[in-house]
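K.L.:
Structure for this input, please:
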Amino acid sequence: MESPGRNFQIDYIEFGATNIEELKRFYNTILGWQFTDYGPTYTSFHDGQLGGGFTTDIPPGGNPLVVIYTDDLEAIFRQIKESEGTIVKDIFSFPGGRRFHFQDPSGNELAVWSE
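P.N.:
Below is the predicted model of the structure:
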């Protein structure tokens, strides 16, 4: 079977936050994570294996947002719309790429991104 590389792999995870600076200090102190800020409501981290971020745009304490990478964003967007998935946030641009959010048939929200 041919390896798809990073296509369709979980690539990133986002957590809700109430105080970005406090979380950066906490995780830097206990785990040594380094951060890159993308405005006042978002910071990203890399733990050496998986990248992720903290944002005040989603409430903390709930399920984290799992982000899947794809080589062809529009194709997956169409497939989800044609299947039992629901698009909850249309394709949008962010520093580094574009992405959209969807809910699976059980109501779990995930995101898909591409460069």
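K.L.:
does residue 42 have beta-bridge partners, and which?
P.N.:
Beta bridges link residue 42 to residue 55 when assigned by DSSP bridges.
K.L.:
who's in contact with residue 74?
P.N.:
residue 91 (C-beta atoms under 8 Å, 6 or more residues apart in numbering). Bear in mind the C-beta positions are built from the backbone N, C-alpha and C, glycine included.
K.L.:
what's the answer for the one 10 residues further on, then?
P.N.:
Residue 84 makes contact with 104, 105 under the criterion C-beta under 8 Å, 6+ apart.
K.L.:
which SSE is it in?
P.N.:
Taking DSSP states H and E as the definition, one finds residue 84 inside no helix or strand.
K.L.:
any low-confidence regions in the protein?
P.N.:
Low-confidence segments of the chain (pLDDT under 70): 1-4.
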